[in-house]
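Peer 1: Need a 3D model of the following:
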Amino acid sequence: MGHGIDMFARPKISTLLPLVAVLSACAAGDTRYPSLAMRPFETAPPPADTAPAAQPTRPLADRAQLAALVSRAVSADAEFARQQTAAAQLTRAAAGQSVESNARARALVAMADLAAKRGATSAVLADLDGLAANSAVTFAPAQEVEAARAQVLGLVTSQDAAMARLWGVMGT
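Peer 2: Below you'll find the predicted structure:
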């Protein structure tokens, strides 16, 4: 019976012996490892804040840039108005005509040209929308951008209304 217990203890001792040797090596006072003592910069007072004072945020576009954008929109609106006169005549001529008629085809081409002119004004509005969005993200002043945007939005809205009237005259 004693012989059976000894048989189970030997494998355990042979496994534990290398572990004891490794652990004793770890416990030796080796100077290769850094000290865990506090270092001077960890106990020193924090450095004084040397960051510069915050500068006020400037607008993303100056008055000259905004005036140029609005001028571009006004020019595009003038082109729209010139094209609108011709489109109005062609849509009145196409009113009540069949889909295959030449009058209707000419009116559709005029409406496409008118839509392209509207697109030039809308492009300026898109630029102003981008400036307004960037101003909101960067907290830049946006009062002048919003004023220019409102002016151009008014032009686009009136162009939309004019096109809707012409489509109504022609009868879609």
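Peer 1: which residues in the chain form helices?
Peer 2: Using DSSP state H, the helices found in the chain span residues 2-26, 40-43, 63-94, 102-138, 143-170.
Peer 1: can you redo the ones you listed as TSV with distance to Ala51 and mean pLDDT?
Peer 2: From N, CA and C alone the C-beta is placed, and that goes for glycine too. Shown next, in TSV, are these (distance: least, C-beta to C-beta, whole Å; pLDDT from 0 to 100):
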stretch	distance to Ala51	mean pLDDT
helix 2-26	46	63
helix 40-43	20	82
helix 63-94	31	94
helix 102-138	19	92
helix 143-170	29	94
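Peer 1: Could you dump the ones you listed into TSV with mean neighbour count and distance to Arg32 added?
Peer 2: Below are the helices of the chain laid out as TSV (neighbours: other C-beta atoms under 10 Å; distance: least, C-beta to C-beta, whole Å):
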stretch	mean neighbour count	distance to Arg32
helix 2-26	9	12
helix 40-43	7	22
helix 63-94	17	64
helix 102-138	17	52
helix 143-170	16	63
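Peer 1: Could you save these as TSV and add columns showing distance to Pro52?
Peer 2: Below are the helices of the chain laid out as TSV (distance: least, C-beta to C-beta, whole Å):
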stretch	distance to Pro52
helix 2-26	51
helix 40-43	24
helix 63-94	27
helix 102-138	18
helix 143-170	26
